[in-house]
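Peer 1: this one's sequence-less:
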């Protein structure tokens, strides 16, 4: 939007499960890993609990969780490397958008709204996904490699706002998980959570079943009137 006035607000978006249909694949990777390493005597309920606890966590935190809860005789880095290999093999070339995501990004870009990607995935996953879907509308991307503290800490969203030169309260966050929504709220960002309407979210966040029912006017109503 060269030469035009900034709209005075920005969008910071999570990636997996929010924009891209990748979260379910990642959780299946975690589920398979758990079943492969679950000690005898521990059943399906334990496995489901570990998978649920992994939702929204970055690779390193997931590896630490699984190493500790499964009592694995390996360090966290080794567990993370195995999860990384399994995930990239499972993702392959079949990366697709969540309903409404590509259309909404195009609408925001056309309106000159600055966009930053804020994800708990490592940089090389973002690069891999970017070979199959167009992530060029994003002016900046913040990954798990870019900050010592990842979601649910506010640091990734604070870094995303700074990368766009916007105060956090003018940066609307798109999320799909409690971990990410908690990070956004802690950063002081107005937040919209998409997905299961029964999913737990922090107080004060907005909800939508999918990005298919979200447009520019929806986001404007949440973030407030543009600041000139």
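Peer 2: Perfect, I can see it now. A quick note: this is a predicted structure, and the numbers were derived from the prediction, not measured. Numbers count the residues shown, from 1 in each chain.

Peer 1: Identify all contacting residues around the host helix or strand of residue 25.
Peer 2: Counting by DSSP states H and E, the element that carries residue 25 is helix 23-37. Contact with helix 23-37 is made by 16-17, 47, 50-51, 54-55, 62, 66, 70, 72, 82-83, 86-87, 90-91, 176-177, as judged by C-beta atoms under 8 Å, 6 or more residues apart in numbering. Every C-beta, even on glycine, is put in place using the N, C-alpha and C of the backbone.

Peer 1: helices and strands around the worst-scoring helix or strand of the chain on mean pLDDT, which ones?
Peer 2: Every helix and strand of the chain was ranked by mean pLDDT, DSSP states H and E. The lowest is helix 44-54, at a mean of 83. The contact analysis (3 or more C-beta pairs under 8 Å, 6 or more residues apart in numbering; DSSP states H and E) places helix 44-54 against helix 23-37, helix 59-69.

Peer 1: got JSON lines for those, with distance to residue 206, mean pLDDT and mean neighbour count too?
Peer 2: Formatted as JSON lines, the helices and strands packed on helix 44-54 follow (distance: least, C-beta to C-beta, whole Å; pLDDT from 0 to 100; neighbours: other C-beta atoms under 10 Å):
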{"stretch": "helix 23-37", "distance to residue 206": "20", "mean pLDDT": "92", "mean neighbour count": "17"}
{"stretch": "helix 59-69", "distance to residue 206": "26", "mean pLDDT": "95", "mean neighbour count": "19"}
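
Peer 1: Would you mind giving those as JSON lines with distance to residue 191 added?
Peer 2: Formatted as JSON lines, these follow (distance: least, C-beta to C-beta, whole Å):
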{"stretch": "helix 23-37", "distance to residue 191": "17"}
{"stretch": "helix 59-69", "distance to residue 191": "21"}
